[in-house]
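>>> pasting the structure only:
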Ligand SMILES: Nc1ncnc2c1ncn2[C@@H]1O[C@H](COP(=O)(O)OP(=O)(O)O)[C@@H](O)[C@H]1O
Ligand SMILES: [Mg+2]
């Protein structure tokens, strides 16, 4: 979570209600086309997809970073994305989260929410959480305060000394603390945590908002082996309740967590399947795994 997103959060009031109203009134919307109203807080996964990209392309100065990319993720799925540097993995996340607008293509959250119609902050509010590679926790604040801050952002309440979590919020905070293995470090300033713990804390901050879909870009880069193993456990515990899209180069980590793996190359899907299947694919060996 970036500070500018948090400011944005403070300004938002019931974004869902507004978005739902807009989807009902604009005739061009998919919601209108399917006749299904957009329920605030609900993502329609009746078609078995929480995320759906079709024929998405984007060019930067004539270079096609994403090239007719099509991909979908099932509710509760933990999808691993691999591929060489420059394949377009981060750019794909930029497109899903509204940071980058594609030149062409379709990007849907569930079957009714056309993500290309929304701004970055609105998309975050709808339940798509993103973890960038570098941890961005507030170093001077304690673990507890960092999580509490994530809660304030969620509620659209300006950061205030008068804010006190409700009992439901406190339960949630305690649960997240256990999930990210930081229950024993609640009063430690985040700046004193290890790199891996900071990464978990940031994931915890995302979890405070109970995202439906989590996008994680190289989450175990720079972690020790033990931290990497604990992160694998963490992700396995999150799938089901959340859908996860995990970009990583660490193949032993991928092996531990993966169900379906998508290989990106030159902005499109080169191969998709179990890790064993994609590892045996000649084209994947050629461009990514090496011989
Ligand atoms: N904002 C941008 N402006 C220009 N080129 C970009 C921009 N974002 C990404 N690219 C280019 O798009 C390609 C894909 O980058 P990226 O998505 O970061 O790849 P990956 O995350 O798979 O390593 C790279 O060649 C990169 O230089
Ligand atoms: Mg990248």
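Sure thing, it's come through. As the structure is a prediction and not an experimental result, all values here were calculated from the model. Ligands and ions are numbered 1, 2, ... in the order given.
>>> Ramachandran angles for the residue of the stretch 51-200 of the chain found nearest ligand 2?
As assessed by C-beta to the ion, ligand 2 sits closest to residue 90 within the stretch 51-200 of the chain, at 3.3 Å. Where C-beta positions appear, they are placed from N, C-alpha and C, glycine not excepted. For residue 90, the backbone dihedrals (degrees, to the nearest 10) come out as phi -70, psi -40.
>>> Report pLDDT for it.
On pLDDT, residue 90 comes in at 97.
>>> That one - how many residues pack around it?
19 (other C-beta atoms under 10 Å).
>>> can you pull the contacts of it?
Counting by C-beta atoms under 8 Å, 6 or more residues apart in numbering, residue 90 makes contact with 217, 247.
>>> i'd like the first residue to be 41 from this point on
Understood, numbering begins at 41; the last thing we discussed is residue 130.
>>> how about the residues of the stretch 41-190 of the chain near ligand 1?
Remark: the part of the stretch 41-190 of the chain in contact with ligand 1 comprises 100, 105, 123, 125-131, using C-beta under 6 Å from any ligand atom.
>>> From those residues, list the buried ones, please.
Buried members of these, counted by 16 or more other C-beta atoms under 10 Å: 105, 123, 127-131.
>>> Redo the residues you listed as CSV? Include secondary structure.
Output for these, formatted as CSV (DSSP: H, G, I helix; E, B strand; the rest coil):
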residue, secondary structure
105, strand
123, coil
127, coil
128, coil
129, helix
130, helix
131, helix
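>>> Farthest-apart pair in the residues you listed, please.
The span of these, defined through C-beta to C-beta, is set by 105 and 123 at 12.3 Å.
>>> does the strand or helix carrying residue 255 come close to ligand 1?
Using DSSP states H and E, residue 255 maps to strand 253-257. No: using C-beta under 6 Å from any ligand atom, strand 253-257 never reaches ligand 1; the gap is at least 7.4 Å.
>>> Quick one: residues in contact with that strand.
For strand 253-257, the surrounding residues in contact (C-beta under 8 Å, 6+ apart) are 90-91, 113, 129-130, 133, 136-137, 149, 167-173, 243, 246, 275, 278, 282-287.
>>> ok, now stretch 85-104?
With C-beta under 8 Å, 6+ apart as the test, stretch 85-104 has contacts from 83, 105-115, 117, 131-132, 135-136, 140-151, 252-253, 283, 285, 306-307.
>>> what does the protein have sitting close to ligand 2?
129-130 (C-beta under 5 Å from the ion).
>>> Neighbouring strands of the strand holding residue 255 in the sheet, and parallel or not?
With DSSP bridges as the test, strand 253-257 is paired with strand 168-171 (parallel), strand 283-287 (parallel).
>>> Report the residue spans of the stretch 91-240 of the chain with pLDDT below the cut-off.
193-205 (pLDDT under 70).
>>> hey, where'd the strands end up in it?
Secondary structure of the stretch 91-240 of the chain (DSSP state E, counting those that start in this stretch): strands located at 91-100, 103-113, 118-122, 144-149, 153-154, 168-171.
>>> Reformat those strands as JSON lines; add distance to residue 162.
Output for the strands of the stretch 91-240 of the chain, formatted as JSON lines (distance: least, C-beta to C-beta, whole Å):
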{"stretch": "strand 91-100", "distance to residue 162": "16"}
{"stretch": "strand 103-113", "distance to residue 162": "20"}
{"stretch": "strand 118-122", "distance to residue 162": "23"}
{"stretch": "strand 144-149", "distance to residue 162": "11"}
{"stretch": "strand 153-154", "distance to residue 162": "10"}
{"stretch": "strand 168-171", "distance to residue 162": "10"}
